[in-house]
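> structural data only, the sequence is not supplied:
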Ligand code: OFO
């Protein structure tokens, strides 16, 4: 009896997204190594933590494919991006990458809706919410570096950003968590 509850099309698409999450982990990992090498230990710490988050996203996809009765395929991961030129470039590329990932997540939501695969649609909502947080986090990083002077930020400003990122929480506050007492 066939117990596979995923269409081949969706299984393939979720599998591709699973590989994309693994690629994201490699990108964050390589940027973390770059940051550490440049002396930004706080930024490196933040990026190492984020690499682990992306790996967890990959695991969620892998588990979902298996739980629905299909077999994940562990595919090669593309090489990470080249090193950024400076912190402004690093945060800019992270933001662009997260926006690109949001598009990929939306595509899976669309596909599951077209197939009326509500289990997958429901599963993907976790990623929709996660992407709001990831984009917010990347926007916050960009705002910090902009205030500090962008690619012309001076050493003091960069030092402060680096220290802040060492203890910056992994998740940005979502709009749903905000109240008038806690803006
Ligand atoms: Fe950076 O986010 Fe995964 O999905």
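Received the coordinates, thanks. Every value quoted in this text rests on a predicted model; they were computed, and no experiment measured them.
> what residues does the chain put near the ligand?
Counting by C-beta under 6 Å from any ligand atom, the residues of the chain lying close to the ligand are 21, 24, 54, 57, 98, 101, 127, 130, 134. The C-beta positions use only the backbone N, C-alpha and C, and glycine is treated the same way.
> which ones among these lie within helices?
Taking DSSP state H, the ones among those that sit in helices are 21, 24, 54, 57, 98, 101, 127, 130, 134.
> any chance of these in JSON lines with pLDDT and neighbour count as columns?
Shown next, in JSON lines, are these (pLDDT from 0 to 100; neighbours: other C-beta atoms under 10 Å):
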{"residue": "21", "pLDDT": "98", "neighbour count": "22"}
{"residue": "24", "pLDDT": "98", "neighbour count": "25"}
{"residue": "54", "pLDDT": "98", "neighbour count": "21"}
{"residue": "57", "pLDDT": "98", "neighbour count": "22"}
{"residue": "98", "pLDDT": "98", "neighbour count": "18"}
{"residue": "101", "pLDDT": "98", "neighbour count": "22"}
{"residue": "127", "pLDDT": "98", "neighbour count": "21"}
{"residue": "130", "pLDDT": "97", "neighbour count": "17"}
{"residue": "134", "pLDDT": "95", "neighbour count": "26"}
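> I'd like those residues laid out as JSON lines, including distance to residue 109.
What follows is those, written out as JSON lines (distance: C-beta to C-beta, whole Å):
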{"residue": "21", "distance to residue 109": "16"}
{"residue": "24", "distance to residue 109": "18"}
{"residue": "54", "distance to residue 109": "19"}
{"residue": "57", "distance to residue 109": "15"}
{"residue": "98", "distance to residue 109": "16"}
{"residue": "101", "distance to residue 109": "13"}
{"residue": "127", "distance to residue 109": "8"}
{"residue": "130", "distance to residue 109": "13"}
{"residue": "134", "distance to residue 109": "16"}
